[in-house]
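Student: attaching a predicted model along with its sequence, questions to come.
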Amino acid sequence: MMTRFNQLPTLRIDPTKKVIFNYKGKSCAGSEGDTVATALYANGVRVFARSLKYHRPRGLYSLDGECSNTCMEVDGIPNVRTENTLAKQGMEVKEQNVKGSAENDMMAFIDKLDWMMPAGFYYRTMHKPASMWPVAMKQIRKAAGLGVMSPDHVTPGKFDEIFPRTDVVVIGGGPAGMQAALAAADKGVRVIIMESRPWLGGFFDYRAAEYSKGKPLYSRARELAEKVEAHPGIRVLKHTSMVGAYSNNLVTGFQIGGEGDSFTERYVEIRANAVVVAVGCIERPLIFDNNERPGVMQVACAHRLARTYGILAGEKALFSVGHDLGLEAAIDLYDLGMKIACVADIREDGQNPELLLELAKRNIPVLKGWVVTKAHGSKQVKKATIATIDGTITRDFNCNVIVASAGFTPITGPLTLAGAKLRYDSHTNFFIPETLPEKTHIAGRMTGLEDSMAIEASGTLAGIKAAMDSLACTCCGSESASEGDSEGDSKEKSSSSSCCEACDDAALKAAEEALKALPGPSRGTKLVTAPVKGRKSFICFDEDTTIKNIKQAIEMGFDVPELIKRFTSAGTGPGQGGIPGHNLPLFVAKYEALSGVPAPVRPTTVRPPLVPTLIATYAGTNHIMMKRTPMDEMQRSDGGIFRKIGVWERARYFSDDFECKAEIENVRNNVGMLDGSTLGKFRIHGPDALKALQRVYTSDMSKIKPGRVKYSAMCNDDGCVIDDGVVIKIAENDYYFTTSTGRAGQTVEWVRYHTRYDGWDFNMVNLTDSMGVINLSGPNARKVLQKITDEDVSNEAFPFSAYKEFMVKDTIPVKAMRLGFVGELSYEFHVPSSYMVSLWNMLKEAGKEFGIKNFGVEAQNVLRMEKCHIILGQESEQRTNLLDLGLGFLWDRKKTDAKTVGAVALAQAEKDQTRFRLVGFKMENNGRAPKDGSLIVDDKVRGYICTARDSFSLNEAVGMALVESHMAKIGTRLEIFEDECGDQRIYGKVVPMPFYDPDGSRMKS
Amino acid sequence: MALTITCPVCGKRNGYEFRYGGEDKGPRPDEAGLTPQSWCDYVHMNNCVAGVQKEWWFHKDGCGSWFTIHRNTTTNLQVATPEADR
């Protein structure tokens, strides 16, 4: 293991704290703050992975996750970008896409077979004959690809999501971003700043060069970071990568949790009034032979490796660069102890003379107009060949690191996603925005600025602009806030100034002047490739695309970078175009110009997510949250077996017998109790309450008698039944009604939607959760009830279909209804949720002598089916209308003034013979009941089984089915097709409904 | 959903809180004289404007009110209510 610097002021690791993790079964030590990749590098690992297609050795190249070179399997998760992932105690790290090891990969011979695999070979070969493709595909998939995912892998960790709202969001926590955040926050608006690294500081953070007299850049970065973090108006999201931008200034990203955070990763979705994009630049890779051999790395990678992580990339380096930061890095690394073989600078002139002087002082040879053309060494760099730009003179240097970079490229992804149109700027050699979306501003290095002061000044300016965008004027009424924004974000402004912050453009003008006085964008180098043929010169590392492949694609007629990207797959890997994103269009334009067809430099398209994100992060927290009734605990201790039903968990069975024989027989012969609290319960009151009911219910609701229960249904505008329930008139203009369990959530919305034009005066209260329901059913139900109340509940005083309010034990107010859903003497008690357990216990106690028992949802389902009482969604589906169900009597066709929802469609469907009808049937020859959902067939599908059960009460199998209307006649034979029944059919016969107690004497007595 | 909606009761809120209620087609027509065609047009047919349209939204995770906004369907941004509609 090499020695590491542990005293540098720029370090982001804590050398005193060790992190031990496993790499290929051996334990490996890093320091706290190390990424997995830097810790491995410190442990001497140079070959991190093998490439997708050719199995070439790959090493540390950029430190910012722009390529898949350092993708590894970490804790079972493949394709983890180890250079962006902090090393943690006990991590399991493995290489991927290797047979053997990354160091000695048995598939490495493929690199020699590249002639067999020209651009797009898999599109053009192996498809004739067609039978060849599946065989070939299998082999290719085995050999190629990045990580492997176990099919039963479960991503460990806690995932969360936040949806903050802010005035200004700043993307990028470098000097420009920090200045923008400070300038905006000083204007009094709320700011969120996102930074993908775990600290603020950007490219100032690791540089020892002078910012101002006696102050190095890294000190300046820390000074700004402290200010930003201390500012009460700024929320700092570090370790947060931006992944998407959408209209309305919606910015998304994900944050990686650190120690003490309650999440492993969390999705962040920010709604802002204004956006500042200050994401800076990445380096534009220099393309030469073997330009991705381990040992070749970018300038910032070598520089940060030393300054941030305390690791010298190697003993001796050769620099081949195209910008002053490269010269600066060479000087700094020399001072830290690295031998520099030579600095080849692409530029013939234009270097910063001070840097040249410093290089000369150190006797570092600088060759202007030279570039590296080849890296030698089979698994690591041993030697480099450099040449003049025209390739005429060459020289070799021994070295084990090649620091190479052609120039800079702005990270334009965020801009493109936000909707900016980019154009190529010849001076900077950058893609810069031609137009920016509304309220979006850019700042910093991505505008081409290089001067530290200018970068900061551009940040300040963008911050002021963004703040003004999001402030509403409080003095002159000028509309600077977003349209339709009625929310007064701006606080009381001091009245001393003649104008408010939103209109105060003095600061804006000052910032503009300040920026103008500083150096503008600098000239960018344009060289893409060294003078090489390009067979082993890689434009895209992730997809193993060479310069030769690009040439092949162009020669095959692909002329637009976007198409070439598709055909050669350059830029479609995990690095999301970080490596070829800029070089590809530059190279294509250059190559096409050679053939006499000058083409504009056009960028390829980027799409979210800009950086690879775990699906688990997008999924966020586990949102399964079920509602529980007031009886939940007691039903569980009574042995209830629970099932998820809609938004509820309900007791479906009370024994292992899922046919519920005991429960059913107890209700039929004795008395049972069901927790019906999930029923939707509503109060509607106000002068126009009746009008609203007339609108949504099909029956004439003006005929509801006090003390009576009215059963009715709601339809949609197609006449299809969406809900049924009972309505009770509590008082004048005051009604209580129930809906089915599944409709409770939408009922208020539904009623208000269908009355939205009328301006009626009524109020609705959703009582679903505040009221519970107990259903007491069975021949002994009255005897049980009589024991707990003095109220006269005889059949005369409280007959079927009646409604009564009374007190139990002078304490519990009960709304009681005589209903008969299960077909027996039956009471439904609606009581406040808090009294549910007490009332339940009273009934249980009172029913003890009769052997009262729980019954669950399945028993109820069978009981009501025997009685042919429908459950919507079981005996109906989306297309089933009121008439199909035989519920036409619920439709009052005289109340046309009410404009009842569904009435028009019902009138139109009335004579339609092509519709389904609900019928009852029983199985022939004492056969068993078919499965729910089985089909009714002859030579065609004629309908389906809704619910069918072997009935204990009737001693035969019965059910209900929806069939074509011509088959609805009593006695029709039904041929039933069950899933996977083969040629076997079972048969039933249409019979009159209901099956049980046809005259209703049991439920009415 | 990138849409942000200004509810007349609750103010500017996240679009996830709302449910779309369709284009504004005016009050329910009188039942007398409705043909299947005209009824179907009212219930199911939409203008699908590429531009600014008046439409209904329900603040389901908020105040529970139905209200109209004007939205540019090409940018998916809420726009100010035109003078004529105020």
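Tutor: Yep, that arrived.
Student: what does chain B put close to chain A?
Tutor: Contact residues, chain B versus chain A (C-beta under 8 Å from any C-beta of the partner chain): B:2-4, B:6, B:11-12, B:14, B:16, B:19, B:21, B:26-28, B:30-32, B:34, B:36, B:39, B:43, B:56, B:58, B:60, B:64-66, B:69, B:75-81. Bear in mind the C-beta positions are built from the backbone N, C-alpha and C, glycine included.
Student: if any of those residues are buried, put those into a ChimeraX selection.
Tutor: The buried residues among the residues of chain B next to chain A can be selected in ChimeraX (16 or more other C-beta atoms under 10 Å in any protein chain shown) with this line:
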select /B:2,3,4,6,12,14,21,28,31,34,39,56,58,66,69,75,77,78,79,80
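Student: keep only those of the residues of chain B next to chain A that are in strands.
Tutor: Cross-referencing these against strands under DSSP state E gives B:4, B:6, B:11-12, B:14, B:19, B:21, B:56, B:58, B:66, B:69, B:77-79.
Student: out of these, which is nearest to A:Ile871?
Tutor: B:Arg19 (25.5 Å; C-beta to C-beta).
Student: got the contact list for the closest one?
Tutor: By C-beta atoms under 8 Å, 6 or more residues apart in numbering or on different chains, B:Arg19 lies in contact with A:749, B:57-58, B:60.
Student: those: which two are farthest apart?
Tutor: A:Glu749 and B:Trp57 (11.2 Å).
Student: in chain A, what residue sits furthest out from the centroid?
Tutor: A:Glu796 (60.7 Å; C-alpha atoms, centre = their mean).
Student: surely A:Asp349 touches A:Val366?
Tutor: No. Look at A:Asp349 against A:Val366 with C-beta atoms under 8 Å: they stay out of range, at 11.7 Å.
Student: between the two, which is the more surrounded one?
Tutor: A:Val366 (18 against 7; other C-beta atoms under 10 Å in any protein chain shown).
Student: what kind of secondary structure is the nearest residue to A:Pro365 once chain neighbours are set aside in?
Tutor: Once flanking residues are discounted, A:Pro365 sits nearest to A:Cys342: 4.6 Å by C-beta to C-beta, 6 or more residues apart in numbering or on different chains. The three-state assignment at A:Cys342 reads strand, by DSSP: H, G, I helix; E, B strand; the rest coil.
Student: how about A:Lys142, secondary structure?
Tutor: Under three-state DSSP, A:Lys142 comes out as helix.
Student: could you measure from it over to A:Asn104?
Tutor: Going from A:Lys142 to A:Asn104 by C-beta to C-beta, to the nearest Å gives 19 Å.
Student: what does A:Gly350 give?
Tutor: 45 Å.
Student: same question, A:Asp559
Tutor: From A:Asp559 over to A:Asn104 the distance is 42 Å, taken as C-beta to C-beta.
Student: and chain A, which residues reach chain B?
Tutor: Going by C-beta under 8 Å from any C-beta, the residues of chain A near chain B are A:163, A:165, A:246-248, A:250, A:271, A:483-487, A:717-718, A:748-749, A:752-754, A:756-758, A:896, A:899, A:903-905, A:908.
Student: name the strands paired with the top strand by length along chain A and say parallel or antiparallel.
Tutor: When every strand of chain A is counted residue by residue (DSSP E), the longest turns out to be strand A:265-277. Using DSSP bridges, strand A:265-277 pairs in its sheet with strand A:159-162 (parallel), strand A:165-171 (parallel), strand A:250-256 (antiparallel), strand A:440-442 (parallel).
Student: before we move on, which element is A:Arg683 in?
Tutor: Following DSSP states H and E, the helix or strand that holds A:Arg683 is strand A:680-685.
Student: name the helices or strands packed onto the helix or strand following that strand?
Tutor: Where DSSP H and E defines the elements, the next helix or strand beyond strand A:680-685 is helix A:689-696. Contact partners of helix A:689-696 among helices and strands, from 3 or more C-beta pairs under 8 Å, 6 or more residues apart in numbering or on different chains; DSSP states H and E: strand A:734-739, helix A:747-753.
Student: looking at those, which is closest to A:Tyr803?
Tutor: strand A:734-739 (8.8 Å).
Student: any idea how far the host helix or strand of A:Leu785 is from the middle of the chain?
Tutor: Assigned by DSSP H and E, A:Leu785 belongs to helix A:781-788. Distance of helix A:781-788 from the chain centroid (C-alpha atoms, centre = their mean, to the nearest Å) equals 54 Å.
Student: same question, stretch A:679-687
Tutor: Counting by C-alpha atoms, centre = their mean, stretch A:679-687 comes out at 37 Å from the chain centroid.
Student: so the residue nearest to the spatial centre of chain A, which of the three states?
Tutor: In chain A, the C-alpha nearest the mean C-alpha coordinate belongs to A:Tyr618, at 3.0 Å (C-alpha atoms, centre = their mean). Recorded secondary structure, A:Tyr618: helix (three-state DSSP).
Student: check whether it really touches A:Glu269, as I assumed.
Tutor: No. Assessed by C-beta under 8 Å, A:Tyr618 is found out of contact with A:Glu269, at 10.5 Å.
Student: nearest residue to the residue nearest to the centre of chain A in space, ignoring adjacent ones along the chain?
Tutor: Nearest to A:Tyr618 is A:Tyr267, by C-beta to C-beta, 6+ apart, at 5.9 Å.
Student: again, but for A:Arg607
Tutor: Leaving aside its chain neighbours, A:Arg607 sits nearest to A:Leu417 (7.6 Å; criterion: C-beta to C-beta, 6+ apart).
Student: out of the helices and strands packed on helix A:689-696, deepest packed?
Tutor: Compared across those, strand A:734-739 shows the largest average neighbour count, a mean of 23 (mean count of other C-beta atoms under 10 Å in any protein chain shown).
Student: could you give the angle of that one to strand A:680-685?
Tutor: Going by axes from the mean of the first three to the mean of the last three C-alpha atoms, to 10 degrees, strand A:734-739 is angled at 160 degrees with respect to strand A:680-685.
Student: strand A:734-739 pairs with which strands, and in what direction?
Tutor: When DSSP bridges is applied, strand A:734-739 pairs with strand A:680-685 (antiparallel), strand A:721-731 (antiparallel).
Student: those strands: which one's closest to A:Gly407?
Tutor: Of the strands paired with strand A:734-739, nearest to A:Gly407 by C-beta to C-beta is strand A:721-731, at 63.9 Å.
Student: who touches that closest one?
Tutor: With C-beta under 8 Å, 6+ apart, strand A:721-731 has contacts from A:679-680, A:683, A:693, A:697, A:701, A:704-706, A:708-716, A:735-740, A:743, A:747, A:750, A:803, A:815, A:817, A:819, A:870, A:872, A:876, A:880-882, A:885, A:887.
Student: among the residues you listed, which ones are buried?
Tutor: A:679-680, A:683, A:693, A:697, A:701, A:704, A:708-710, A:712-716, A:735-740, A:743, A:747, A:750, A:803, A:815, A:817, A:819, A:870, A:872, A:876, A:880-882, A:885, A:887.
Student: can you tell me which residues contact residue 70?
Tutor: Here I'm looking at chain A. Here A:Thr70 is in contact with A:36-37, A:48-49, A:58-61, A:81-83 (criterion: C-beta under 8 Å, 6+ apart).
Student: please go with chain B instead
Tutor: Contacts of B:His70 by C-beta under 8 Å, 6+ apart are B:52-55, B:78-82, B:85.
Student: which non-adjacent residue is nearest the one residue in the stretch 501-650 of chain A that gets nearest to chain B?
Tutor: Of all residues in the stretch 501-650 of chain A, A:Pro608 sits closest to chain B, at 11.6 Å by C-beta to the nearest C-beta. Excluding the flanking residues, the one nearest A:Pro608 by C-beta to C-beta, 6+ apart is A:Gly244, at 3.4 Å.
Student: done for today, thanks.
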